[in-house]
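Enquirer: what shape does this take:
(one chain, ligands or ions: 2)
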Amino acid sequence: MNTKLLHTLDTDLDLAAEILKNGGLVAMPTETVYGLAANALNTQAVVNIFKAKGRAQDNPLIVHIAKFEDLPRYVRDIPPAAQKLADAFWPGPLTMIFQKQPVIPAQVTCGMETVAVRMPAHPVALQLIQKSGCPLAAPSANLSGGVSPTSATACMQDLNGKIDAVVDGGSCRVGLESTIVLMTSTPPRLLRPGFITKEQIENVIGPINVDPAVLKPLAKGVKPTSPGMKYKHYAPKAKVVLIDGESQKYIDYVNQHTGDNVFALCFSEEQNALLKPSLSYGAEHDGKTQAALLFQSLREFDRLGAKLVLAHMPSAEGIGLAVLNRLLRAAAFEVIHL
Ligand code: AMP
Ligand code: MG
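Expert: Ligands and ions are numbered 1, 2, ... in the order given. As a prediction, this is how the structure comes out:
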């Protein structure tokens, strides 16, 4: 298959919308990461998403809509708290899970009775939903298990020849996937941290729970609330190890480490003191920049031929929780405490 590289001209978006209407697959920019979109109501198109990504058959997809008023078509029992969260954060990087309506194919939810829905805050994604007239099922546009794409180039690296088109909308503002909240439990439960923080959500609807799988590997035999949590995720080819400790100790640890192709993923304040090749992913207290640069840096380490990446562990405050959640998975939960 010849994968078209499209831009954001009206004629290109019309073509992308036509492909989606006809059951094709299009990688599209959103504010979080690039999504691999298909008509969520077309069973075969949805099946093709799983094939193109090599995604496990039990890992359900998020459905993207462009208007809050469309929500009742796809979900039922919308609690007042969901309306409040939508008023506060939609369009934006917040996904909510509800009971599904029968119109949502079982292939989208992998047989579950609930469905995850979000309204993205990106003009291209919103236009593609509107122009195609379809709700769009869209997981991250990467090969399963690997690093999520934050640019059209990254989508092409993974999916060239496997999908119909990639729309190049530049790099993603947020850089990490959406925050996911399960609205069918009382109180609602945070399943995946993201740019919208637990604190921001609690300011709107009061206390919520945090799923234990956010910061810990699942205990053997435990069924995860969010099926995606059990898979290896966000992993570059290089082995990643998280290093937990204050700056000087981290710098000493990296500088004393022996071996070939060892790289550091550090805070910007540390870069000059490191004797190993390094990428900085933002200042120590700048979670937003860390989020925006994390996936891009992990892909860059592969391009540079890194064998081992010693990553300085971010704080778990605010958006840092989301950065830490992704890095822990990239590192298969291997943490060295200094
Ligand atoms: P991705 O789109 O690749 O970022 O992955 C979507 C995430 O949402 C995965 O971790 C899924 O397991 C999770 N998810 C999607 N639908 C549901 C659902 N109905 N219940 C629980 N988790 C879900
Ligand atoms: Mg993904």
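Enquirer: quick one: residues contacting the residue nearest to Thr179 when sequence neighbours are not counted.
Expert: For Thr179, ignoring the flanking residues on the chain, the nearest one in space by C-beta to C-beta, 6 or more residues apart in numbering is Gly194 at 3.3 Å. (C-beta placed from N, C-alpha, C; glycine too.) Contacts were defined as C-beta atoms under 8 Å, 6 or more residues apart in numbering; by that measure Gly194 touches 32, 93-94, 174, 176-180, 319, 322.
Enquirer: Gly194 belongs to a helix?
Expert: No. Assignment of Gly194 by DSSP: H, G, I helix; E, B strand; the rest coil gives coil, placing it outside any helix.
Enquirer: and the pLDDT for it?
Expert: Note for Gly194: predicted pLDDT of 97.
Enquirer: ok so, going back, so of the contacts of Gly194, which ones are in helices?
Expert: Under the assignment DSSP state H, the contacts of Gly194 contribute Ala322 to helices.
Enquirer: nearest to Lys53 among the contacts of Gly194?
Expert: Nearest to Lys53 out of the contacts of Gly194 is Glu177 (C-beta to C-beta; 14.0 Å).
Enquirer: need the contact list for the closest one.
Expert: Here Glu177 is in contact with 32-33, 93, 140, 148, 192, 194 (C-beta under 8 Å, 6+ apart).
Enquirer: if I look at it, how far off is Pro149?
Expert: 11 Å (C-beta to C-beta, to the nearest Å).
Enquirer: which non-adjacent residue is nearest the residue of the stretch 201-338 of the chain found nearest ligand 1?
Expert: The stretch 201-338 of the chain approaches ligand 1 most closely through Gly228 (2.1 Å), counting by C-beta to the nearest ligand atom. Distances taken as C-beta to C-beta, 6+ apart place Asn59 nearest to Gly228, at 4.9 Å, with adjacent residues excluded.
Enquirer: just checking, that neighbour touches Val108?
Expert: No. Using C-beta atoms under 8 Å, Asn59 is not in contact with Val108, being 11.2 Å away.
Enquirer: neighbour count: those two, which is higher?
Expert: The neighbour count for Asn59 versus Val108, taken as other C-beta atoms under 10 Å, is higher for Val108 (24 against 17).
Enquirer: so does whatever helix or strand the more buried one lives in get close to ligand 1?
Expert: Element membership for Val108 (DSSP states H and E) is helix 106-109. Yes. Applying C-beta under 6 Å from any ligand atom, one finds helix 106-109 touching ligand 1 at Thr109.
Enquirer: what sits up against that helix?
Expert: Under C-beta under 8 Å, 6+ apart, the answer for helix 106-109 is 40, 43, 46-47, 50, 60-61, 63, 100, 115, 137.
Enquirer: list the buried residues in that helix.
Expert: Buried residues in helix 106-109, counting neighbours by 16 or more other C-beta atoms under 10 Å, are found at 107-109.
Enquirer: is it possible to get JSON lines of these that adds pLDDT?
Expert: JSON lines is the format used below for these (pLDDT from 0 to 100):
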{"residue": "Gln107", "pLDDT": "98"}
{"residue": "Val108", "pLDDT": "98"}
{"residue": "Thr109", "pLDDT": "98"}
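Enquirer: nearest to ligand 1 among those residues?
Expert: Of these, the one sitting nearest to ligand 1 (C-beta to the nearest ligand atom) turns out to be Thr109, at 5.3 Å.
Enquirer: excluding chain neighbours, what is closest to that closest one?
Expert: Pro60 is the one closest to Thr109 (C-beta to C-beta, 6+ apart), at 4.7 Å.
Enquirer: counting neighbours, what do you get for the one you found?
Expert: 24.
Enquirer: was I right about it contacting Ala116?
Expert: Yes. With contact defined as C-beta under 8 Å, Pro60 counts as touching Ala116 (6.7 Å).
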